[in-house]
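Mind folding the following:
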Amino acid sequence: MELGIDILAILFGVAILAGFIDAIAGGGGLLTIPALMAAGLPPAMALGTNKLQACGGSFSSSFYFIRKKAVNIKQMWLIILCTFIGSTSGTIFVQHIDVEYLKKLLPFLILIIGIYFLFSPSIGDEDRKQRVNLTTFSFTAAVIFGFYDGMFGPAAGSFMTLGCILLLGFNLSKSVAHAKIMNFTSNFASLIFFTIGGAVIWKVGLIMMVGQFIGGTLGAKMVMTKGKKLIRPMLVTMSFIMVAKMLYEQGIFN
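Residues are numbered from 1 along each chain as shown. Purely as a prediction, here's the structure:
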């Protein structure tokens, strides 16, 4: 399908903002998916194209975190592999089930995340005792997070961040950095299947990917410089916004 330059310019701008938000707190899809559908893309095409453009933001922020040594990529190889396997499984699984029950449950899970960060002002300030080793985390949490992101996706970055804090004992900035590596992995795995299914509009996705790359890099820089002063309020805010949007879509406020 062909979109005018004006629409493509708007989508590019939305992608920059979404990439910035995603790098810090997740939830960028709240902007990009509605924008793609408003531009006239069918739901399946919107989801597939969204995964393509999201790879730009998650890759750019991941690359920045690696360059700044916020993560040790060599130590993450098993987490990356298990996240990829989980995401691949989730993408296949979602084609055979009804996710309506998950849509009803998800707002309450995300609300718990928002409340947790809101009323736990000291969590993630510094590294804490590690509850599980990287191998255990890989074969449990990484698989589950990847599976969820491949199957459904909303707030996956927030779940990954919280998992790194509670299970690996990482501080908030380090948790966001590791979560973004996992998020890119799961995005890439899902993109493979959307591509195979022909559900990607490459021209739109690549233009937005550039915007995501810019926004993701800027957001990653803010994580490294502002740290918890920026991440915590963004996580709380995006959690509550996601909850409100999901409940509205379910007709709770109607």
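
all contacts plus neighbour counts: C-alpha atoms, from now on.
Will do.

pLDDT score for the closest residue to residue 155 other than its chain neighbours?
The shortest distance from residue 155 to any non-neighbouring residue, by Cα to Cα, 6 or more residues apart in numbering, is to residue 27 (5.8 Å). Residue 27 carries a pLDDT value of 79.

And for residue 27, the neighbour number?
25 (other Cα atoms under 10 Å).

That one reaches residue 238, doesn't it?
Yes. Taking contacts as Cα atoms under 8 Å, residue 27 lies within contact range of residue 238: 6.4 Å.

center of this protein - which residue?
Closest to where the C-alpha atoms of the chain average out (Cα atoms, centre = their mean) is residue 157, at 4.0 Å.

could you dump the helix or strand harbouring that one to PDB, C-alpha only?
According to DSSP states H and E, residue 157 maps onto helix 156-168. The C-alpha trace of helix 156-168 is given here as PDB (Å, rounded to 0.1, in the frame of the first residue of the first chain):
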ATOM      1  CA  ALA A 156       7.200  -6.900  28.000                       C
ATOM      2  CA  GLY A 157      10.100  -4.500  28.700                       C
ATOM      3  CA  SER A 158       8.600  -3.600  32.100                       C
ATOM      4  CA  PHE A 159       8.300  -7.300  33.000                       C
ATOM      5  CA  MET A 160      11.800  -7.900  31.900                       C
ATOM      6  CA  THR A 161      13.200  -4.900  33.900                       C
ATOM      7  CA  LEU A 162      11.400  -6.000  37.100                       C
ATOM      8  CA  GLY A 163      12.600  -9.600  36.600                       C
ATOM      9  CA  CYS A 164      16.200  -8.400  36.400                       C
ATOM     10  CA  ILE A 165      15.800  -6.400  39.600                       C
ATOM     11  CA  LEU A 166      14.100  -9.100  41.600                       C
ATOM     12  CA  LEU A 167      15.900 -12.200  40.400                       C
ATOM     13  CA  LEU A 168      19.400 -11.000  39.300                       C
END
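
quick check: angle from the helix or strand that comes right after it to helix 156-168?
Next helix or strand after helix 156-168 toward the C-terminus (DSSP H and E): helix 172-196. For helix 172-196 against helix 156-168, the angle by axes from the mean of the first three to the mean of the last three Cα atoms, to 10 degrees is 130 degrees.

Any buried residues in helix 172-196, and which?
172-195 (16 or more other Cα atoms under 10 Å).

OK, contacts around the nearest residue to residue 107 once chain neighbours are set aside?
Take residue 107 and drop its neighbours on the chain: the residue closest to it by Cα to Cα, 6+ apart is residue 243, 4.8 Å away. For residue 243, the contacting residues are 107-108, 110-111, by Cα atoms under 8 Å, 6 or more residues apart in numbering.

Quickly find the element holding residue 243.
helix 228-249.

What of residue 19?
Using DSSP H and E, residue 19 falls in helix 5-24.

contacting residues around that helix?
27-29, 31-32, 35-36, 39, 53-54, 57-58, 61, 157, 176, 180, 204, 207-220, 222-223, 230-231, 234-235.

can you check stretch 197-204 too?
Residues outside stretch 197-204 that contact it (Cα under 8 Å, 6+ apart): 1, 8, 44-49, 52, 194.

Export the contacts of residue 243 to JSON lines and append columns for distance to residue 83.
Converted to JSON lines, the contacts of residue 243 look like this (distance: Cα to Cα, whole Å):
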{"residue": "107", "distance to residue 83": "23"}
{"residue": "108", "distance to residue 83": "24"}
{"residue": "110", "distance to residue 83": "20"}
{"residue": "111", "distance to residue 83": "24"}
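
Buried subset of the residues you listed, written for ChimeraX?
Buried residues within the contacts of residue 243, by 16+ other Cα under 10 Å, are selected in ChimeraX with:
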select :107,110,111
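
The contacts of residue 243 in helices, which ones?
107-108, 110-111 (DSSP state H).

All set, thanks.
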